[in-house]
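**Student:** only geometry, no sequence info:
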Ligand code: SF4
Ligand code: SF4
Ligand code: SF4
Ligand code: SF4
Ligand code: SF4
Ligand code: SF4
Ligand code: SF4
Ligand code: SF4
């Protein structure tokens, strides 16, 4: 599998799910693709269909309405798939944690492999996160 | 306006679900588009995917905390909501703001408009498959974020505002640098304006697409560029000049047609105006000295309305207080909340490809459309997971698993 | 007079060792309201506090949230206070109850609406407080001997009063 | 302030002015008169509906509409108080102001206000919601 | 069945050569596009990595859909494209005809679209269906112009249908691009292959932001890998075809190699430039464009060709 | 006399058909089947026969040359396969009539093909039109009477033209006998042109060429599906095109201008019918229009004046009958299972009727001319022929011819589009629960479509070996034409072999790497409900709404281009009397024929 994982590490296709975020994390994710950060040089590509994805980027505290859909999307993704939670929202709930409508334990919705905290995390932080993922895949 | 029987007819037609997760929508949102072939017959929106209960949370927080909360309604115009919020609180007691504070507020607000409009131009490009425009627009947006970093220390979520003024001062030493960045931006914007005017392919794609008539704009109470593109006057910065808007000179951009192209033009021209305003503010900040914050002691009981012309239109906040430091009712109404229903008027009878760009045309941000709502929260045992532990655990998990 | 006042027996309340947030309030607007704290805060500044000439608490407050009013009492301005409780520490007489100096302030409306509908109404705080500490009662006059003082229109406290002790009242 | 004096004169008999301050006019309207007032504000004066706020108070459930007169920057806020907290009911203004559709749906959904004559009385935010809350914004006491 | 043929189809100029060259040119495309937008772009082996990664992923089959068709479609397309690559390549590199003439090639080229449509629509996914519909519409749009441009070399070569005779004719009489009709047809043909490859501005059937990559939406794992490979193979097949019918083929001796690279890269770069300077157009605009504007020009080219200009 | 093979081919079915009137259904089926076995055996025996004839009163009435043998073989083959399909599944209430009419049709068609004498030709031609009309009356949609009237008027009217044409031919060529096979009238003066075009009208009406095609789609929609596959899809094409082929070879000597006119008509037929087919939402109408469109190719091929194209046209004729009856039968299977042929009520059947789906797919691909199926080969021959012909023309004619060629090639792209819609609307798209429990396709239907489909493949891959060498080239030689020389190359065996190799390579890679999971549709997180469905019937709305096509389409929908409607309107407004005279009844039709014959006899 080592050889394969190395290929995988060099070609992470990313699908982006927003589970009730404030949008900023999503914008910063898109920022990654644009000229200043350009993660295509790492082989990362944003795809439109879950079937093509290797990495799921989730943002936001999940609210009760969107959580089942996120779960469904995760189930529809072809394995192996990695879930990376972007922002403080999925990890701690930030300012929203007192709301009624959010899922308290986001791990119960989908298994999250990695958290990249920050509100929003700087693109550099996200790249570092991705780099760590690649490092791991490369062994 | 649809009647019930009308809805029944629609059920038999083909429907296309758009969302909740669709590459067109950065946020989760769901449209049920009824089509005939590829022509949109009806559009029905199901919201609530992003609903986090801001109005509910806000009632548990102090005004100062609320500002940070409403900042996180949405990240794109994360100054507009706090600004409208502080305006509302200030409106209760007619609180005066020091002059320097007013200029800084205006500066931040306008910079945000630039960044937001550029973002939209880019995304609109992306949606119509013109990735080059996307990349370029976002490249030119980076300097704005850089300016924000200089001013507030963060690329997004600036946390600048307080009731009674602003929380952070602009370092006078950084003003020349900011001015320099603005200069480069100016040239780039001119270029984008030119593209907007000249590119025939772009025009063929956008002109006469998704027309929102003036009447519909008024009927649906649309706000901001969406209504201004349809020829409806209305700019909060002119109507109710708070902050420094009565002290700076700028134009209100209005076009007549109401199609996506006009919305595009309005946004591009507005960006130019914003750059003008930012310049004026920066120049004033060089001369004007003084406090930036009126240290408010107390908010008396009463009601207040605050609004601000966000990049997408009027943000409206209403607070009702009882004399404590938190609101008893905090109503938030984002511009998209009024703009999105206009799809019903502008999307009918056009092909899906057009409908999609029309959806994008009002620059909707669902995050703040769905802010409100709370629920009786009896069991307050939130599972506040230790962020650090989690992130360490998980990262080491990944390490271990492979 | 005919107006009922809420009477709080503060020494007794302290003795009872019931933590203040056990006492519920039915003020309508906030989800979780502890209207009681606002009552206590007013009460403590009105009667308990010594109203020092150069108030230590005012000096200590990093946010300039405490100010002396014209009538000599200290007032905390809730938009400025950050709830750091420096004032509690600074007061040499320990008159400031830490529970009352909250960052998020609350409000008691004296259950006026309920009383208007039903003059015999018993507010929730009275119901949930330890026996004998809270009372809804019609009162004519202050009674310094019984350490009964009026605070504002609807509130009365039984509380040792420094001013009275020092003969200022 | 003279700006909205005219409005007060014209509608004086139907409204009960509550708060009057710079650029803001809050007034109470009876449910029967609300449509007429809204018609006047929207069609005659060309005001724009910003939004509406529902609040529960001791007096009942209130619906407060915010109309912005963009020419003068004034706000007109008619308030309708529904005394019956269990089944609050009022006339829908959506037939007059299309833009009120969503906000009325939202108020109906979370406050349980019934809007008589609303053209599309379906929930706005809690459709397809697996755990849709019931009248959550009410104080619940 | 000669052993030679096996070499043709599997190694050169068939599957192996075309795939590798295609993946590399695909990289060039991505790189140049990135350069266009001030980015760095992907590393050299990116497309190879993508391909192998996809091979190792799970393939998803849709319940209650026609699985055999779903799986077969990319491979049929792959087979057809390999065949095309071989047919065109053998003529180009060896100067002999192989299997079919220009009509055969034109019709074989349609199979790719058919397979996209069948594979996509077999899933029952609406986006795939919309994409399928768009694919056919685009096909009937560009096919008309494609016929017109393909007729030009036929006419100019004195009504020859065989690829090798077209090449030989050009070898003795100069490439067709050297004439007015040749230039017109060549320019049109570039737009046509843009559409046939569903590159911007004609990426209508696979518009990611509109219909979520359309017919490819439900594909994952190995079948998707093959769809991607197919797409990259077209980066070789279509330019080679154009070189064959307009640019006089290759001469792989001495300076000829330089010419070969120049011709090929030239066509690819023109395509990339078009791709990066245009937004995606709508289906009806595309149809309008092809039927109302491009085909009269194509007709003009034909008339010029008949007149010998 | 009764041992004459040719006569038997007509008499046996005729007799059986009369016999059948009195028999129960099951016996009728057996008898019809037996008839077909017999006629087929006779036909096979005739394979090597040379110029078999049948004479009566010293006139050669029937004769057989290689071309008529080719058509005859086609008729036997198709009748046989369609009969297999009809053995089970014909609507109960029409079974009786159906099996009486079936041999009748066969008899008359054989008659048309075998007639050498123009008199008998005329009678059989008219009678075969009559069976068409009778079959039509078996339909049970509400438009049936109207359609029957229309069909009858167009076909019957064309008979009248044929009569006149024959009369003129006789007038021009009085010395000759009544033989159709050796007139060779040069087109020199107005009269000969008139005769030619009268014949053309007859053959176009039968085959469904523009502008006399309008009965085909209506007929397809309103008649029993077996009869549609039987008559307009196969036999009528064979007959009409056979006549056309006769016309351009033995009846007339035509010049290049006429060639061009025929080719143009063919091209117009292709495009118009394909465009019309694109917007149809009724499966049968769609197939009907596409049938017309395919006729265009045959007309082009046969009329172009190039031997290669002529051979291609003949080949296309047989190919077309094969794949189009295949498609009609496949649609019939679907229709019988689901009870509808409206495309927007179907969908997602590919999973439920996989076999029918594959058959229909093969039919579709052949129709669209996708290599290596048979449709491609014949089209390819036609194109080559036209290219070959073009090379010999002057500049102006070259442009004219090439435009027709472009339209023809483009027509196959349109056809592909049409059939994508067809396939998508019926078999692809969202699986529907309401169809989950439908009955399985009976074996006879599978057998029939399977036979036709395998013919599609066989004729595609071994085109030269089987149909060309055995039937078409002898036919050409019989007519005194040289064997066609291909000017392009196309090696289907090689292509299919190499394709198979690569395909298998791909599949092997897939099988090695495959990890499969099953899942529902991904719709952005929504559940794949049934209301989220694209039918495919609306694929081409954009084309429909395109300027100026939208006006054309709206006119077409108002039937401005329908020759039948134009004439009826014309008649309506000019002569009420005439309108009263044709209420569309059988006896009136017979009256026409009788009157026509009387005139004819008088002329003699
Ligand atoms: S980074 Fe700063 S603002 Fe963010 S959580 Fe940490 S301390 Fe708070
Ligand atoms: S982490 Fe912060 S920026 Fe990201 S979604 Fe949450 S609130 Fe927004
Ligand atoms: S309008 Fe849009 S960008 Fe602005 S706060 Fe709302 S969601 Fe965010
Ligand atoms: S009197 Fe009423 S409002 Fe005040 S604390 Fe008691 S319960 Fe609360
Ligand atoms: S708790 Fe408040 S009043 Fe006391 S010292 Fe701190 S800021 Fe000042
Ligand atoms: S909560 Fe912490 S960070 Fe915030 S003001 Fe208080 S001490 Fe400072
Ligand atoms: S305790 Fe905190 S606020 Fe007080 S001096 Fe120390 S650091 Fe400063
Ligand atoms: S609170 Fe303490 S320090 Fe402050 S005035 Fe009263 S007694 Fe003095």
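**Tutor:** Received, thanks. The shown structure was predicted, so the numbers you read here are calculated from the model rather than taken from an experiment. Ligands and ions are numbered 1, 2, ... in the order given.
**Student:** so residue F:309 touches residue F:379, yeah?
**Tutor:** No - contact criterion Cβ atoms under 8 Å: residue F:309 and residue F:379 do not qualify, at 10.3 Å. In short, each C-beta sits where N, CA and C put it, glycine included.
**Student:** Quick one: the strands in the chain, in order.
**Tutor:** This is for chain A. A:13-18, A:45-46, A:55-59, A:82-86, A:114-116 (DSSP state E).
**Student:** right idea, wrong chain: chain D
**Tutor:** D:15-21, D:24-29, D:48-57, D:60-69, D:74-82, D:89-91, D:114-116.
**Student:** ditto for the stretch 1-150 of chain E
**Tutor:** With DSSP state E, counting those that start in this stretch as the criterion, the stretch 1-150 of chain E has strands at E:59-62.
**Student:** about what we covered before: which stretch among the strands of chain A approaches chain F most closely?
**Tutor:** Chain F lies closest, by Cβ to the nearest Cβ, to one member of the strands of chain A: strand A:13-18, at 8.3 Å.
**Student:** The closest one and ligand 2, any residue contact?
**Tutor:** No - applying Cβ under 6 Å from any ligand atom, one finds strand A:13-18 separated from ligand 2 by no less than 8.2 Å.
**Student:** now for the helix or strand residue F:221 falls within, which elements pack on it?
**Tutor:** In this structure, residue F:221 sits in helix F:215-222 according to DSSP states H and E. Contact here means 3 or more Cβ pairs under 8 Å, 6 or more residues apart in numbering or on different chains; DSSP states H and E; on that basis helix F:215-222 packs against helix F:118-137, helix F:144-172, helix F:283-303.
**Student:** Give me the mean pLDDT for that helix.
**Tutor:** Model confidence over helix F:215-222, given as mean pLDDT, is 77.
**Student:** Between helix F:118-137 and that helix, find me the angle.
**Tutor:** Between the axes of helix F:215-222 and helix F:118-137, defined by axes from the mean of the first three to the mean of the last three Cα atoms, to 10 degrees, the angle is 40 degrees.
**Student:** immediately after helix F:215-222, which helix or strand?
**Tutor:** Downstream of helix F:215-222, the next assigned helix or strand under DSSP H and E is helix F:225-230.
**Student:** Tell me the pLDDT of the residue nearest to residue F:539 when sequence neighbours are not counted.
**Tutor:** Spatially, and ignoring its direct neighbours in sequence, residue F:539 is nearest to residue E:133 (3.9 Å; Cβ to Cβ, 6 or more residues apart in numbering or on different chains). What the model reports for residue E:133 is a pLDDT of 81.
**Student:** And the most centrally placed residue in chain C, how far from residue F:83?
**Tutor:** Centroid-nearest residue in chain C: residue C:40, 2.2 Å away (criterion: Cα atoms, centre = their mean). Distance from residue C:40 to residue F:83, counting by Cβ to Cβ, to the nearest Å: 102 Å.
**Student:** got it, and residue B:283?
**Tutor:** Note on residue B:283: its distance to residue F:83, by Cβ to Cβ, is 95 Å.
**Student:** And the two? Which one has more around it.
**Tutor:** Higher neighbour count among residue B:283 and residue F:83: residue F:83, with 23 against 14, using other Cβ atoms under 10 Å in any protein chain shown.
**Student:** Can you give me every residue that contacts residue 83?
**Tutor:** Unless you meant another one, I'm taking chain A. Counting by Cβ atoms under 8 Å, 6 or more residues apart in numbering or on different chains, residue A:83 makes contact with A:55-56, A:58, A:74, A:110-114.
**Student:** Switch to chain B, please.
**Tutor:** Applying Cβ under 8 Å, 6+ apart, we find residue B:83 in contact with B:105, B:109, B:161, B:243, B:306, B:308, B:315.
**Student:** element containing it?
**Tutor:** Using DSSP H and E, residue B:83 falls within helix B:80-93.
**Student:** Report the next helix or strand after that helix in sequence order.
**Tutor:** Next helix or strand after helix B:80-93 toward the C-terminus (DSSP H and E): helix B:99-127.
**Student:** hmm, that next one in reach of chain E?
**Tutor:** Yes - contact of helix B:99-127 with chain E (Cβ under 8 Å from any Cβ of the partner chain) involves B:125-127.
**Student:** Check whether that helix comes near chain F.
**Tutor:** No - against chain F, helix B:99-127 shows no contacts by Cβ under 8 Å from any Cβ, the least distance being 15.5 Å.
**Student:** Which elements pack onto that helix?
**Tutor:** Here helix B:99-127 is seen to pack against helix B:80-93, helix B:131-152, strand B:165-166, helix B:260-287, strand B:302-310, helix B:352-361, helix E:208-211 when contacts are counted using 3+ Cβ pairs under 8 Å, 6+ apart.
**Student:** what angle do the fourth one and helix B:352-361 make?
**Tutor:** Relative orientation of helix B:260-287 with respect to helix B:352-361: 20 degrees, computed using the same axes, to 10 degrees.
**Student:** same check, this time on the first one
**Tutor:** Using the same axes, to 10 degrees, the interaxial angle of helix B:80-93 with respect to helix B:352-361 works out to 40 degrees.
**Student:** mean confidence for helix B:80-93?
**Tutor:** Average pLDDT, helix B:80-93: 85.
**Student:** Neighbours of residue F:354, how many?
**Tutor:** 15.
**Student:** Kindly report the same for the one 4 residues further on.
**Tutor:** The local packing of residue F:358 (other Cβ under 10 Å) involves 19 other residues.
**Student:** Residue B:233 too?
**Tutor:** Residue B:233 has 12 neighbours, counted by other Cβ under 10 Å.
**Student:** Check the gap between residue B:83 and residue B:336 for me.
**Tutor:** For residue B:83 relative to residue B:336 (Cβ to Cβ), the value is 17 Å.
**Student:** that older thread, where's the residue nearest to the centre of chain C, which helix or strand?
**Tutor:** Here residue C:40 sits within helix C:35-43, counting by DSSP H and E.
**Student:** residue contacts, the residue lying closest to residue F:212 once chain neighbours are set aside?
**Tutor:** What sits nearest to residue F:212 in space, not counting adjacent residues and going by Cβ to Cβ, 6+ apart, is residue F:205, at 4.1 Å. Residues near residue F:205 by Cβ under 8 Å, 6+ apart: F:154-155, F:157-158, F:161, F:212, F:215, F:240.
**Student:** Distance to residue E:220 and neighbour count added to those residues, as TSV?
**Tutor:** Putting the contacts of residue F:205 into TSV (distance: Cβ to Cβ, whole Å; neighbours: other Cβ atoms under 10 Å in any protein chain shown) gives the following:
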residue	distance to residue E:220	neighbour count
F:154	54	26
F:155	55	25
F:157	60	20
F:158	57	25
F:161	61	18
F:212	52	26
F:215	50	26
F:240	51	27
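**Student:** now the strands: where do they sit in chain C?
**Tutor:** C:4-9, C:66-68, C:74-76, C:134-138, C:148-151, C:155-158.
**Student:** between the ones you listed, which gets nearest to chain E?
**Tutor:** When the strands of chain C are compared by Cβ to the nearest Cβ, strand C:74-76 sits nearest chain E, at 54.7 Å.
**Student:** Okay, the residue of the stretch 201-350 of chain F found nearest chain B and residue B:195: tell me how far apart.
**Tutor:** The nearest approach of the stretch 201-350 of chain F to chain B comes at residue F:344, 9.2 Å away (Cβ to the nearest Cβ). Separation of residue F:344 from residue B:195 (Cβ to Cβ): 43 Å.
**Student:** Neighbour count for the two, which is higher?
**Tutor:** Ranked by neighbour count (other Cβ under 10 Å), residue F:344 and residue B:195 place residue B:195 first, with 19 against 14.
**Student:** give me every residue that touches residue E:188.
**Tutor:** Residue E:188 makes contact with E:145, E:148-149, E:294, E:297-298, E:301, according to Cβ under 8 Å, 6+ apart.
**Student:** so which of those comes closest to chain F?
**Tutor:** If you rank the contacts of residue E:188 by distance to chain F using Cβ to the nearest Cβ, residue E:148 comes first, at 6.3 Å.
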